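S.K.: Turn this into a structure:
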Amino acid sequence: MPLDKVRLHAGDAQAQRAGARAFASEDAVVFGGPAPSTARIGGRFLLAHELAHVAQLRNAGQHRESEGSGRDAGAEREADHTAARFAFGLQPHPVRHRPAAGALLASPLSDSVDAIWLSAADKGRVFDALRMQSPVADADLDRLLERIFAAGSDDLWLARTIVRNGPEPLWPAADFDERRRRQRDHGWAEERGGIGASLLTTAGGRSVDAFFFPGTSDERALVIAGVHGSEQGGIEVAQMLIQTLQNAVLRPYYTVIVVPTLFPDNAATRTREGTTPTNRNFPSPGRGLDAATPASGTPMDAGSPPRAILPENIALMRLIERFRPSRIASVHGSTTRSAAGIFSDAHTVSAAAHARAGGAAGAAALETLAAARTASDQSLALSMARDMTRRGFGRGVQGNHLAGTPTTGWSGAIPGGTSLGGWGPQDITEGRATDRPSMSIITVEVATNTRSTDLRGTAATARAAELASYRDVIQDIFLGPP
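M.R.: The predicted structure follows:
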């Protein structure tokens, strides 16, 4: 088989588990991250290095479908020599090496990190390289990081935490807490944020992406959109928010993760949802994901009859368990302007929390606190709606009835099942590590489901401005200081 028939794959989990930038078989090269650009010397080198491994494997007659048990130093030296000649435009020598049986022919992540550090001593680029392929297990990488960064330093802690967990959207709450403590107490330089990670690869092969932005406080928030694939205006609002946060001079008050498209398969076809309602697919309030998982191993929602919780919603719930936000903005879309606006859901107290309250007085105190949080969320939603009106976009919040008796209750039909707005504002008190307090859920119903790019001329400009007004109240008020 000629080398022009070799298949290239990006984002392969096998390469990532091996702690490798790339991994070769007799008929394919897989990359732990995006395929390298051959416009750069480094990209040409990596591709040629792996193609040399393909030729070596064919020499040995080995067809590899799994990771080997060790590295073949001779194979790596020949691949390096071949790749160096190719990268600089020289004719490579014939590849003759025959790898030992079971050898792991991979380009280690440690090599990539070492090359970055030797060429530029740029720790930001090192962190970015680690985020592209972590979590990994690579003893060589561990030793290299100890050589690059001082023992006990924040830089070494950050590098090791990325290697252990992957990019920040995949971190557990304890590591977020420690990151914030070090950032605050040790005076870290300002960070632009926008650190991305994939929460899930969908049945359609699309990534559910999440983006992390550090804030100035210990508070954490989550912004999601694309729960319904037809609500394209809401998706554009979340995408606008990501771009604005990346370019912002000042960080938000809340540390935030943004998931712009929770159901990308539906969004690609502008389909609202499939046979399972995407927003009525949560467990009963007060019940966590583990408790909603029977012996079959498939988490089930609170529908009648129960339905399997969709993988995208499982990924969202796991993100909530890890990140532990105190508030969530769920950006949707309304087909009519009369139902558009910014709404909140009532906080409730679980039966388990009542049982642990220690009597009537304790239970009453919990209910009083829930009522206070409900009132606070109503005030937050109305503040956002009024600010949109002040900016000249009152047509986008008609459902709040600001000219009459203001309301934060959504006026649309409510089908069966449990929504995020029903599940999130009740505590989970089950005696598990995933227990959490109630969360504030703010639902942003964007007026109509049109993207600005669906329009032309002044209509497109006007639509972009209206969508930007939703973005601005999320950024300035929802993510802003109290």
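S.K.: Tell me the secondary structure at residue 146.
M.R.: Reduced to three states with DSSP: H, G, I helix; E, B strand; the rest coil, the structure at residue 146 is helix.
S.K.: Nearest residue to it in space, please, no chain neighbours.
M.R.: residue 156 (7.0 Å; Cβ to Cβ, 6 or more residues apart in numbering). Heads up, the C-betas are built off the backbone N, CA and C, glycines and all.
S.K.: which residues does the one you found contact?
M.R.: Shown in contact with residue 156 (Cβ atoms under 8 Å, 6 or more residues apart in numbering): 145, 146, 149, 150.
S.K.: 7 Å instead?
M.R.: Counting by Cβ atoms under 7 Å, 6 or more residues apart in numbering, residue 156 touches 145, 149, 150.
S.K.: go on, residue 78?
M.R.: 52, 95, 97.
S.K.: Please repeat the previous calculation with a cut-off of 8 Å.
M.R.: Contacts here follow Cβ under 8 Å, 6+ apart; on that basis residue 78 touches 52, 56, 95, 96, 97.
S.K.: That one: what secondary structure?
M.R.: Residue 78 is classified as helix under three-state DSSP.
S.K.: I'd like the distance between it and residue 115.
M.R.: Distance of residue 78 to residue 115, given as Cβ to Cβ, to the nearest Å: 19 Å.
S.K.: before we move on, what about residue 449?
M.R.: According to Cβ to Cβ, residue 449 and residue 115 sit 47 Å apart.
S.K.: What's the local residue count around the closest residue to residue 451 other than its chain neighbours?
M.R.: Spatial nearest neighbour of residue 451, chain neighbours left out: residue 232 (4.5 Å); criterion: Cβ to Cβ, 6+ apart. Using other Cβ atoms under 10 Å, residue 232 has 23 neighbouring residues.
S.K.: so how far is residue 267 from residue 232?
M.R.: Taking Cβ to Cβ, one finds residue 232 at 7 Å from residue 267.
S.K.: show me where pLDDT drops low in this structure?
M.R.: Within the chain, the stretches with pLDDT under 70 are 1-7, 9-27, 30-43, 45-46, 62-73, 80, 84, 87-88, 100-108, 412-414.
S.K.: Can you pull up the most central residue in it?
M.R.: Nearest to the geometric centre of the chain sits residue 210, at 2.0 Å (Cα atoms, centre = their mean).
S.K.: Just to be sure, residue 155 is in a strand?
M.R.: No: applying three-state DSSP, one finds residue 155 to be helix, outside a strand.
S.K.: Surely it touches residue 149?
M.R.: Yes: in this structure, residue 155 is within contact of residue 149 by Cβ atoms under 8 Å, at 4.3 Å.
S.K.: higher neighbour count, those two?
M.R.: Counting neighbours by other Cβ under 10 Å for residue 155 and for residue 149 shows that residue 149 has the greater number, 19 against 14.
S.K.: For the more buried one, which non-adjacent residue is spatially closest?
M.R.: Distances taken as Cβ to Cβ, 6+ apart place residue 156 nearest to residue 149, at 3.8 Å, with adjacent residues excluded.
S.K.: Give me the buried stretch members for stretch 348-356, please.
M.R.: The neighbour-count check on stretch 348-356 (16 or more other Cβ atoms under 10 Å) flags 348, 349, 350, 352, 353 as buried.
S.K.: cool, stretch 132-146 as well?
M.R.: Residues of stretch 132-146 classed as buried: 132, 133, 134, 135, 136, 138, 141, 142, 144, 145 (neighbour count, 16+ other Cβ under 10 Å).
S.K.: and the residues you listed, which of them are in helices?
M.R.: The members of the buried residues of stretch 132-146 that map onto helices under DSSP state H are 132, 133, 141, 142, 144, 145.
S.K.: can you tell me which of those lies nearest to residue 341?
M.R.: Among those, residue 132 lies closest to residue 341 (Cβ to Cβ), at 40.2 Å.
S.K.: What is the burial count for residue 362?
M.R.: Applying other Cβ under 10 Å, we find 12 residues neighbouring residue 362.
S.K.: Likewise for the one 5 residues further on?
M.R.: Using other Cβ under 10 Å, residue 367 has 14 neighbouring residues.
S.K.: go on, the one 3 residues further on?
M.R.: Neighbour count of residue 370, defined by other Cβ under 10 Å: 19.
S.K.: Give the helix, strand or coil label for it.
M.R.: Local secondary structure at residue 370 is given as helix here, using three-state DSSP.
S.K.: Just give the nearest non-adjacent residue to it, would you?
M.R.: Distances taken as Cβ to Cβ, 6+ apart place residue 347 nearest to residue 370, at 4.1 Å, with adjacent residues excluded.
S.K.: hang on, that neighbour packs against residue 368?
M.R.: No: counting by Cβ under 8 Å, residue 347 does not reach residue 368; the two are 10.9 Å apart.
S.K.: Can you pick out the residue with more neighbours from these two?
M.R.: Taking neighbours as other Cβ under 10 Å, residue 347 and residue 368 compare with residue 347 leading, 25 against 11.
S.K.: contacting residues for the more buried one?
M.R.: The contact partners of residue 347, taken as Cβ under 8 Å, 6+ apart, are 369, 370, 371, 373, 374, 377, 425, 426, 438, 440.
S.K.: The nearest residue to the last one once chain neighbours are set aside - how many residues pack around it?
M.R.: When you say that, I think you mean residue 440. What sits nearest to residue 440 in space, not counting adjacent residues and going by Cβ to Cβ, 6+ apart, is residue 327, at 3.9 Å. For residue 327, the neighbour count with other Cβ under 10 Å is 20.
S.K.: Return the residues in contact with residue 327.
M.R.: Counting by Cβ under 8 Å, 6+ apart, residue 327 makes contact with 221, 222, 254, 439, 440, 441, 442, 478.
S.K.: Please report phi then psi for it.
M.R.: Reported as degrees, to the nearest 10, the phi and psi values for residue 327 are phi -140, psi 150.
S.K.: before we move on, back to that, derive a PyMOL selection command for the buried subset of the contacts of residue 347.
M.R.: Of those, the buried ones go into a single PyMOL selection, burial set by 16+ other Cβ under 10 Å:
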select buried, resi 370+373+374+377+425+426+438+440
